[in-house]
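Chemist: Fold the following, please.
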Amino acid sequence: MNEIVTRYLATWNASDAATRDELLEQYWAPECVYVDPLAEVAGRAAVGATIAAVQGQFPDFVFSQVGAVDAHHGQLRFQWGLGPADAEPVVIGFDVVVLDAEQRIQDVRGFLDKVPA
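Modeler: Coordinates of the predicted model:
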């Protein structure tokens, strides 16, 4: 399941729209859903727009995995960090990802654990 997290974070880190769209097409289900305290969207295009908005809010920041992945029955949970590359994350969150039958990202439920004031 570490590979799923790697693909997920690669999508969030893809600053080029074409690359991000390719990753969404390849690894996310067409009818995917993404929900966190700040967003609730459905479909690849809406997820891509959400990612672009976050990148606009935090330019030059990258997402990284924090800790181990816990997985069972086509779902996984993991903690992530957002901050400057090779630095301590400024934002830390926790996501639960549910996969479809083709092992694509179907549903994401995100939580924010640490947010700057």
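Chemist: which one's the longest helix in this structure?
Modeler: In the chain, taking DSSP state H as the definition, the longest helix is helix 44-57.
Chemist: For the following helix or strand past that helix, which strands pair with it and how are they oriented?
Modeler: Downstream of helix 44-57, the next assigned helix or strand under DSSP states H and E is strand 61-72. Strand 61-72 has the following sheet partners, assigned by DSSP bridges: strand 75-84 (antiparallel).
Chemist: Show the contacting residues for residue 11.
Modeler: By CB atoms under 8 Å, 6 or more residues apart in numbering, the contact list for residue 11 reads 20, 23-24, 27-28, 51. Placement of C-beta: from N, CA and C, glycine included.
Chemist: again, but for residue 20
Modeler: 11, 14, 48, 51-52.
Chemist: same thing but at 7 Å, please
Modeler: Counting by CB atoms under 7 Å, 6 or more residues apart in numbering, residue 20 makes contact with 11, 14, 48, 51.
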